[in-house]
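A.B. asks: the amino acid sequence is not available; the structure is as follows:
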């Protein structure tokens, strides 16, 4: 019980301290919301194009929200040596890492809800399976958070983390099938698309929202889960190497 009390308090502290930091508001909230509003209002094909746009809008909202959160949280923790104090908490290192990332995952899930709500006000949205869509959103938020943590580990300042994140975020907008199908990319770019985890999450949501998935949904879920585990393990390794030993 004490372990979960510590987990909950770490999560609440991060939510109170970091959610309303200026970089988080600009990159994590305003930017995805502006993209969502722009695409939904100015969709060239009318209301029929909204289901095709929605998976990409949800993915970009999750991606920018989670990576911005980790850029703020981790870099401030490093500068203030707060993470060193957290190592004294009576919980395992794995649980500590989950506590530090759970806030960003929750933040990403909330960000994904905004495009759905806006789209539902404009047209009817039909989802093949809401539980599977929720699971896909959770996994996308998780893998994006772990990617954000991976980037933030390597830098010292918030602006460095945000800038470095953009080298990954903006290419992923075009390479992961958010708005341009992977099949329409130049053939030499397609292998790069399939080594990016967001490609699999977007494909799942495309299949559930408009039946446009390329690969089997169970396979995409399996690959996305494997990415979550792999990046989490890498984060643990580099944190222990850089911050502890």
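C.D. replies: That came through fine. If you're wondering where the values come from, they're calculated on a predicted model, not measured in any experiment.

A.B. asks: just the pLDDT for residue 16.
C.D. replies: You'll see residue 16 listed with a pLDDT of 73.

A.B. asks: helix, strand or coil for it?
C.D. replies: helix (DSSP: H, G, I helix; E, B strand; the rest coil).

A.B. asks: that one and residue 153, how far apart?
C.D. replies: 23 Å (C-beta to C-beta, to the nearest Å). Using the backbone N, CA and C atoms, a C-beta is placed for each residue, glycine as well.

A.B. asks: neighbour count for those two, which is higher?
C.D. replies: Using other C-beta atoms under 10 Å, the more surrounded residue of residue 16 and residue 153 is residue 153, with 19 against 10.

A.B. asks: might you report the residue contacts of that one?
C.D. replies: 74, 235, 238-239, 242 (C-beta atoms under 8 Å, 6 or more residues apart in numbering).

A.B. asks: go again with 6 Å.
C.D. replies: By C-beta atoms under 6 Å, 6 or more residues apart in numbering, the contact list for residue 153 reads residue 238.

A.B. asks: next one: the one 10 residues further on
C.D. replies: Applying C-beta under 6 Å, 6+ apart, we find residue 163 in contact with no residue.

A.B. asks: now with 10 Å, please.
C.D. replies: 71, 151, 155, 157 (C-beta atoms under 10 Å, 6 or more residues apart in numbering).

A.B. asks: and the pLDDT for it?
C.D. replies: Looking at residue 163, its pLDDT is 78.

A.B. asks: starting at the chain centroid, how far to stretch 104-122?
C.D. replies: Taking C-alpha atoms, centre = their mean, to the nearest Å, one finds stretch 104-122 lying 12 Å from the centre of the chain it belongs to.

A.B. asks: buried ones in it?
C.D. replies: 104-109, 111-112, 114-116, 118-119 (16 or more other C-beta atoms under 10 Å).

A.B. asks: go on, stretch 86-96?
C.D. replies: Buried residues in stretch 86-96, counted by 16+ other C-beta under 10 Å: 86, 89, 91, 95-96.

A.B. asks: what does stretch 121-128 give?
C.D. replies: Here stretch 121-128 shows 123, 125, 127 as buried, counting by 16+ other C-beta under 10 Å.

A.B. asks: right, and the first one touches residue 50 too?
C.D. replies: Spelled out, it's residue 123. Yes - counting by C-beta atoms under 10 Å, residue 50 is a contact partner of residue 123 at 5.2 Å.

A.B. asks: re earlier: want to throw the contacts of residue 163 into CSV with neighbour count, distance to residue 131 and secondary structure?
C.D. replies: What follows is the contacts of residue 163, written out as CSV (neighbours: other C-beta atoms under 10 Å; distance: C-beta to C-beta, whole Å; DSSP: H, G, I helix; E, B strand; the rest coil):
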residue, neighbour count, distance to residue 131, secondary structure
71, 31, 31, helix
151, 23, 31, helix
155, 18, 37, coil
157, 13, 40, coil
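
A.B. asks: could those go into a markdown table alongside pLDDT?
C.D. replies: Below are those laid out as a markdown table (pLDDT from 0 to 100):
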| residue | pLDDT |
| --- | --- |
| 71 | 76 |
| 151 | 85 |
| 155 | 76 |
| 157 | 73 |
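
A.B. asks: farthest pair within those residues?
C.D. replies: The distance between the two most remote of the contacts of residue 163 (C-beta to C-beta) is 12.5 Å, for 151 and 157.

A.B. asks: what touches both of those two?
C.D. replies: Common neighbours of residue 151 and residue 157 (C-beta under 10 Å, 6+ apart) are 71, 163.
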